[in-house]
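Visitor: quick one, fold the following:
(one chain, ligands or ions: 1)
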Amino acid sequence: MKSLRQEIIPLLENYLPQTRIEHSIRVAETAHQMAVSGTNLYGQALDPKDAYKAGLLHDIAKALSPKKLCDLGIAQSPWYSSLHTQYPAVWHAFAAPRLIETLLGVQPPEILQAIRYHTTGAGHMGSLAKILYIADYIEPERPFHDRQILMNMVIKNRQSIEDIHLALAIIVSGSIIGLSRRQKAIHPLTLHCYNAISSKLTAPSLSRCKLHIANYY
Ligand SMILES: [Fe+2]
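Guide: Numbers count the residues shown, from 1 in each chain. Sure thing, here's the model as predicted:
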């Protein structure tokens, strides 16, 4: 992964403070570990290097705004400005793909989809999008009480898709609970993600999800 770091970290230094770059490296390492430990699930459909790259780049627009992006010569439709007004914490994820392709040229659609949905989740998420969404929550410096439990759930020998979906369901449920407690707007894609993932879980996993939420959120 050294060559990816050498290519991407100097770019990140133009847009992010050091602490955010360090978070991005930890997300990249976690996403890479998840992709490697899930080889039996994804096979050749997922290159662990893409997971690493998505992790490095996922927050590249975190310190930007619609105006700053415009100043960089990256035009955006009015939709992006209204997204920034309505859901300021979500905007950076949707703004990032345009910035990334301006800086690095055309990228694999799986990487761009994973970055676009890393904050909200979505009803239709590919394997890489699921991995990045989870990795952003479980990277080793996150202070969440259930971080290690979720890490053990998704990084182990002979990974199962049920484990990935259970972790995703827990994180998205926790996100909805946290947002509603703080009376923040919940992006519709987060609700779509919750509905789609909870409909995929078996009854025992739904019970585990319910118990986990009761214990930790
Ligand atoms: Fe992040």
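Visitor: for the protein, what lies in contact range of the ion?
Guide: Asp59, Asp136 (CB under 5 Å from the ion). C-betas here are computed from N, CA, C, even on glycine.
Visitor: state the mean pLDDT of the helix or strand that contains Ala51.
Guide: Element membership of Ala51, judged by DSSP states H and E, is helix 48-57. For helix 48-57, mean pLDDT is 97.
Visitor: which helix or strand lies directly C-terminal to that helix?
Guide: If you walk from helix 48-57 toward the C-terminus, the next helix or strand you reach (DSSP H and E) is helix 66-71.
Visitor: this structure: helices as residue ranges?
Guide: Ranges of helices within the chain are 2-12, 18-37, 39-42, 48-57, 66-71, 78-86, 88-104, 109-116, 127-138, 147-154, 161-181, 188-200, 203-216, based on DSSP state H.
Visitor: adding mean neighbour count, write the ones you listed out as TSV.
Guide: Formatted as TSV, those follow (neighbours: other CB atoms under 10 Å):
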stretch	mean neighbour count
helix 2-12	14
helix 18-37	20
helix 39-42	16
helix 48-57	25
helix 66-71	15
helix 78-86	14
helix 88-104	19
helix 109-116	22
helix 127-138	26
helix 147-154	18
helix 161-181	19
helix 188-200	18
helix 203-216	14
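Visitor: rewinding a little: and the helix holding Ala51, what other elements does it pack with?
Guide: Identification of packing neighbours for helix 48-57 by 3 or more CB pairs under 8 Å, 6 or more residues apart in numbering; DSSP states H and E yields helix 2-12, helix 18-37, helix 109-116, helix 127-138.
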